[in-house]
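Undergrad: Model the structure of this input:
(2 chains)
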Number of protein chains: 2
Amino acid sequence: MTNRNYHLVIVGYGGMGSYHGKLLKENQNINVVGTYDILEERRAASLADGYKVYESLAAVLADDSVDFVLIATPNDVHKEIAVAALNAKKHVICEKPVTIYSEELIEIMQAAKMNDRAFIVHQNRRWDEDFLTIKKVYDELIIGDVFHIESRVQGANGIPGDWRHQKAYGGGMLLDWGVHLLDQLLFMIDSKITSVYANLSYILGNEVDDGFQVFITFENGINSLVEVGTTNFIQLPRWYAKGTTGTAVIHDWDINGKIVTQNRGVEVEAPKPIKAGQGLTKTMAPPSEKAVSTSDLPKVDKTMESFYDNVISVVEGKAEPIIKNEEVLRVLQLMETIFKSAETNEVVKDFDRVMDGKILF
Amino acid sequence: MTNRNYHLVIVGYGGMGSYHGKLLKENQNINVVGTYDILEERRAASLADGYKVYESLAAVLADDSVDFVLIATPNDVHKEIAVAALNAKKHVICEKPVTIYSEELIEIMQAAKMNDRAFIVHQNRRWDEDFLTIKKVYDELIIGDVFHIESRVQGANGIPGDWRHQKAYGGGMLLDWGVHLLDQLLFMIDSKITSVYANLSYILGNEVDDGFQVFITFENGINSLVEVGTTNFIQLPRWYAKGTTGTAVIHDWDINGKIVTQNRGVEVEAPKPIKAGQGLTKTMAPPSEKAVSTSDLPKVDKTMESFYDNVISVVEGKAEPIIKNEEVLRVLQLMETIFKSAETNEVVKDFDRVMDGKILF
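TA: Presented below is the predicted three-dimensional model:
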């Protein structure tokens, strides 16, 4: 493996840490040379997986052969580790949510700038096929101009059983899954947010949220509903989008779904009223057959550089990061705004204004 | 038909007026003796359907043989006709939305009280089977205590093409379909409303709303989302409800749907992580097979008196109205609150407090 140029150490060898280890086995540029974890069982797992175990974070940072530190610890210690690693002139890859508070990310961004090292957050779900499919529908106006988008992830297994139950570690579903769905939405929609209204769910009795619904309106007229649930025994579609000429639905991660669009310029029969409960309705009757066309979802072209390829391109000065820290910061500040909206049960309208002020550093 | 005790005249012989004519053909107590409409074509339709045509509203009200006036005109003239009919000692049945403004309903209620006549609004969708099914799920705790309900009606045909396009006549989808969905919700959930947040859609370019999403929270902890759309080429389920032990879905007016509940007291395997896009998830994996049970939706017992039977029982002093005017007033005030919330893009929290003050008359 010595032909791989870059050496990486995984800090925090739990579920996500070992997942990165597996991902990187195929990588042509990056060699995982070891791990560091505070738990004995994780050290044992690392050895079993063939990775050298460092005795301390300091030992990792003191090792001049290490180019990258990958942080996959609980969220509350991301900042401390990231800043130390950057100051030790390492490049840093960090799991999401990057930090619990946006101020911490600003500190990290300052450390990255000062040390001239890359800091890149693993917002891996920008590469998810379901997201790239809806993004293609959106970008290519396949259902006309999209004006309403709903993004949902619903499970029935509650909050995963470890530090994600605890507020101090940055637990809860807004930080765990919300960060992905919000990151995808803001990556897709290039417009200022004009209002945020959120409702967090605490039905499972944890100190952290077990799900949420948030309504976000954008300056370009798009309304969106983003939802995460962990008490949903039946799932609503992963994506639902309305455009000026049609509707798109993506049911699941296997990209089941369809597009239904209006036929333009066709002489179309008026819909026939249907019996609906105790009344008739023409408004809610299905359109006549000639009025609409059903088609498959578009196939995604995988033209975007992969996460790790982009990391290397950034480090070698060949490309801009796909995941920009300013974007990650905006999502973090949006989550803070969501917490605030839910706590006060108020609409927050000054989010993107305040943010513009905040990121000047 | 002379064995039918009560004589009724339909005022406004359009779509809903003639629909009532058909409904009443089977009725054992009520005889439709004529109609009144300002349009020549509707008078002709009435004659063709076998109903005598009155020359004026005054002529209807002066006819001592008439017991009931049924109002199925555009919404803006409901009040004027209702008050005149009540003052002429007629009982009045009125189409929904009863009036555009709640003050008008208060005037009508005062006229009904003063003249000791019944005034009953045709909120017929309290008898819809889909609604009675979800109400049974709710009432009988079939999925435990329900804490989240979504009620949607989605079509793709735009706003129906007549006065419903115009604000002055009380057009728009909040007043047309919203009134039903809100009436059902408040009829089912016996709790004060603590907050209302709404977004109206004007995507079709009409002066009235072509749909809306409204979030309503209740004092008993229930959150709800009520939605009407006329630009939805793909439909989300009619009802979606989450309870403490399961989830219910009703897809359509044919009552397709299911219940999925958690199996209690069973030793259950942990869910297995699934590949979801670019990552693994245990949180969003399907529960293991032993962990849940799927069952059919409950069958509805049709024990509630029918709309017209209840009207007669009320008039004969044998029963309370199923559709109470105070309930109708609350829904009307809720719609005013929804307009206000949407216009200001703010959460309204004092709705049920203000209402308590308002209905004291």
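Undergrad: Show me what the longest helix seen in chain A is packed against.
TA: Across chain A, the longest stretch assigned as helix under DSSP state H is helix A:325-344. Helix A:325-344 sits against helix A:102-115, strand A:119-121, helix A:179-188, strand A:193-201, strand A:211-218, helix A:351-358, with contacts defined as 3 or more Cβ pairs under 8 Å, 6 or more residues apart in numbering or on different chains; DSSP states H and E. The way it works is simple: take the backbone N, C-alpha and C, and place the C-beta from them, glycine included.
Undergrad: what's the closest of the ones you listed to chain B?
TA: strand A:193-201 (5.5 Å; Cβ to the nearest Cβ).
Undergrad: which residues are contacting the closest one?
TA: A:174, A:186, A:209-219, A:229, A:231, A:334, A:337-339, A:341-342, A:345-349, A:351-352, B:148, B:197, B:215, B:217, B:223, B:345, B:347 (Cβ atoms under 8 Å, 6 or more residues apart in numbering or on different chains).
Undergrad: Can I get the buried ones among those as something I can paste into PyMOL?
TA: Remark: buried members of the contacts of strand A:193-201, expressed as a PyMOL selection using 16 or more other Cβ atoms under 10 Å in any protein chain shown:
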select buried, (chain A and resi 174+186+209+210+211+212+213+214+215+216+217+218+229+231+334+337+338+339+341+342+346+347+348+349+351+352) or (chain B and resi 148+197+215+217+223+347)
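Undergrad: any idea what sits nearest the closest residue to chain B within the stretch 251-361 of chain A, other than its immediate chain neighbours?
TA: Here the stretch 251-361 of chain A gets closest to chain B at one residue, residue A:277, 2.8 Å apart by Cβ to the nearest Cβ. Leaving out its chain neighbours, the residue that sits closest to residue A:277 by Cβ to Cβ, 6 or more residues apart in numbering or on different chains is residue B:128, at 2.8 Å.
Undergrad: Is the one you found in contact with residue B:254, as I believe?
TA: No. Between residue B:128 and residue B:254 there is no contact under Cβ atoms under 8 Å: 11.8 Å.
Undergrad: These two: who's more crowded?
TA: Taking neighbours as other Cβ atoms under 10 Å in any protein chain shown, residue B:128 and residue B:254 compare with residue B:128 leading, 21 against 12.
Undergrad: May I have the phi/psi pair for that one?
TA: phi -60, psi 140 (degrees, to the nearest 10).
Undergrad: and if you look at residue A:101?
TA: For residue A:101, the backbone dihedrals (degrees, to the nearest 10) come out as phi -120, psi 140.
Undergrad: what separates it from chain B, distance-wise?
TA: Residue A:101 sits 23 Å away from chain B, going by Cβ to the nearest Cβ, to the nearest Å.
Undergrad: about what we covered before: residues near the residue of the stretch 251-361 of chain A closest to chain B, how many?
TA: 20.
Undergrad: check contacts around it.
TA: B:124-125, B:127-131, B:253.
Undergrad: For it, give me the backbone phi and psi.
TA: Main-chain dihedrals, residue A:277, degrees, to the nearest 10: phi 60, psi -130.
Undergrad: before we move on, what about residue A:71?
TA: phi -100, psi 120.
Undergrad: Quick one: residues contacting it.
TA: Residue A:71 neighbours (Cβ under 8 Å, 6+ apart): A:11-12, A:78, A:81-82, A:85, A:92-95.
Undergrad: And it, how close does it get to residue A:59?
TA: Noted for residue A:71: a distance of 16 Å to residue A:59, by Cβ to Cβ, to the nearest Å.
Undergrad: Could you do residue A:83 as well?
TA: 17 Å.
Undergrad: Between these two, which is the more surrounded one?
TA: More neighbours surround residue A:83 than the other of residue A:83 and residue A:59, with 20 against 14 (other Cβ under 10 Å).
Undergrad: so what's the more buried one up against?
TA: Counting by Cβ under 8 Å, 6+ apart, residue A:83 has contacts A:107-108, A:111.
Undergrad: out of these, which touch chain B?
TA: Counting by Cβ under 8 Å from any Cβ of the partner chain, nothing from the contacts of residue A:83 sits close to chain B.
Undergrad: any idea which of these is closest to residue B:27?
TA: Proximity of the contacts of residue A:83 to residue B:27 (Cβ to Cβ) peaks at residue A:108, which lies at 74.2 Å.
Undergrad: That closest one contacts residue A:99, correct?
TA: Yes. Residue A:108 is within contact range of residue A:99, at 7.1 Å (criterion: Cβ under 8 Å).
Undergrad: residues shared between the contacts of these two?
TA: With Cβ under 8 Å, 6+ apart as the test, residue A:108 and residue A:99 both reach A:78-79.
Undergrad: Just the pLDDT at the residue nearest to residue A:163 when sequence neighbours are not counted, thanks.
TA: Nearest residue to residue A:163 in three dimensions, chain neighbours excluded: residue A:169, at 3.8 Å (Cβ to Cβ, 6+ apart). At residue A:169, the model reports a pLDDT of 83.
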